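# Sequence plus the predicted model coming up.
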Amino acid sequence: MPPTLQALTDGVLKGDKTALGRAITLLESKKKPDTQKADKLIETCLSQKADSLRIGITGPPGVGKSTFIEVFGKQLTALGKKVAVLAIDPSSAISKGSILGDKTRMQELAKDTNAFVRPTPSGDASGGVAKKTRETIILCEAAGYDVVLVETVGVGQNEIAAYSMVDFFLVLQLPGAGDELQGIKRGMMEMADGIAINKSDGDAIKKALVAQGELTRALHLFPHKENGWIPKVLLCSAQENEGLAAIWDMIMEFATITKTNGHFEFQRKSQNKYWLLQTIDAEIKNRFYQNKHVKSHIDSLLKAVMEGQISPFAAADKLLKLATK
């Protein structure tokens, strides 16, 4: 028998990992009774004031995000931090399951009593995160985790959704052969609060230093950030456990500066506004497709559009009018 909402809430607030896992599963459910319970749970957890730090970590496939996060997370727990990791894996378009075999990742960190690792397939959500990542962050903070690491998919055109829910956005890159600037998207550069060139060890050191110089110069071409922070490019090797302490120092410096000038809190409030607007967009879309009039006409209109009998614009107009009946 599943636990009551009160028991689940009490468990989360006490930091019980089993309760937290069940609460996240409740969040991810599409059943109406579950979504209603989840909404009440989130409301309660939002009232819990948490002095947390949310860090988004992204980068291209193969950059070593999982290894970096595991070593970085272990370093933070050694400092006395409670660390939650939300590892978002790309999903198969066919099975909807996770492509990267997430159950085998970050095993050492998952065993740490001060860490919580939750792998989640991204499904059909856009922006590099899963649909309920933002709500899951709230649950983790209510459970007492003071550092939340969000590992994004690292594929697709942008990671704006991930950027909209974290305090610090870290972009991992690889040492290359002069293709660093081509390999990192302009949008990613503009969002980055810090860039870490991972796997900077052995024979790759020289390439890493070149990349560091090029990326530093490139960052200076962008307008200064409103929060007063100047992004940095650091070298590290998660495999060798080198340079990660400097990355944490950079993040702490960022937090100190932005909390002092008030931008840290301002950004959190702006993100809540964005969360509201995104929720409205998602709910409107959901209600549109669940509308009985839309359901009864959409297949025939799709067929008519495919056969050129009606324009997509006219068909959309008909469906939108049907949705308002």
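Sure, I can see it.
# list the contacts for the nearest residue to Asn291 once chain neighbours are set aside?
Leaving aside its sequence neighbours, Asn291 sits nearest to Ala323 (Cβ to Cβ, 6 or more residues apart in numbering; 4.7 Å). Bear in mind the C-beta positions are built from the backbone N, C-alpha and C, glycine included. Neighbour list for Ala323: Arg287, Phe288, Asn291, His293, Val294 [criterion: Cβ atoms under 8 Å, 6 or more residues apart in numbering].
# how much space between the fourth one and Glu242?
Put plainly, it is His293. Applying Cβ to Cβ, to the nearest Å, the value for His293 to Glu242 is 61 Å.
# do the last one as well
The spacing between Val294 and Glu242, counted by Cβ to Cβ, is 56 Å.
# higher neighbour count, these two?
Val294 (19 against 14; other Cβ atoms under 10 Å).
# Does that one lie in a helix or a strand, and which?
Taking DSSP states H and E as the criterion, Val294 maps to helix 292-306.
# Report the buried residues of that helix.
Residues of helix 292-306 classed as buried: Val294, Ile298, Leu301, Ala304, Val305 (neighbour count, 16 or more other Cβ atoms under 10 Å).
# and what of stretch 239-259?
Gly243, Leu244, Ile247, Trp248, Met250, Ile251, Phe254, Ala255, Thr258.
# In TSV, list the residues you listed along with pLDDT.
Formatted as TSV, the buried residues of stretch 239-259 follow (pLDDT from 0 to 100):
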residue	pLDDT
Gly243	97
Leu244	97
Ile247	98
Trp248	98
Met250	98
Ile251	98
Phe254	98
Ala255	97
Thr258	97
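# nearest to Gln271, of the residues you listed?
For the buried residues of stretch 239-259, the closest approach to Gln271 (Cβ to Cβ) belongs to Thr258, at 13.2 Å.
# Which residue is the nearest non-sequential neighbour of the closest one?
Phe264 (4.0 Å).
# got a list of what that neighbour touches?
Applying Cβ under 8 Å, 6+ apart, the residues contacting Phe264 are Asp167, Asn227, Ala255, Thr258.
# Tell me which stretches of the stretch 51-200 of the chain form strands.
53-58, 83-89, 115-121, 147-151, 168-173, 194-197 (DSSP state E, counting those that start in this stretch).
# In terms of helices and strands, where is Glu226?
Counting by DSSP H and E, Glu226 is part of no helix or strand.
# Hmm, it is touching His263, no?
Yes: at 6.9 Å, Glu226 counts as touching His263 under the criterion of Cβ atoms under 8 Å.
# Neighbour count for those two, which is higher?
Neighbour count, other Cβ under 10 Å: between Glu226 and His263, His263 has more, with 18 against 10.
# in stretch 10-18, what counts as buried?
Neighbour counts over stretch 10-18 (16+ other Cβ under 10 Å) mark Gly11, Val12, Leu13, Lys17 as buried.
# Over to that stretch now: how far is its first residue from its last?
Stretch 10-18 has an end-to-end distance of 12 Å (criterion: Cα to Cα, to the nearest Å).
# What's the mean pLDDT across that stretch?
Mean per-residue pLDDT for stretch 10-18: 96.
# report the angle between the axes of the longest helix seen in the chain and strand 168-173?
In terms of residue count, the longest helix belonging to the chain (DSSP state H) is helix 263-290. Angle, helix 263-290 to strand 168-173, by axes from the mean of the first three to the mean of the last three Cα atoms, to 10 degrees: 80 degrees.
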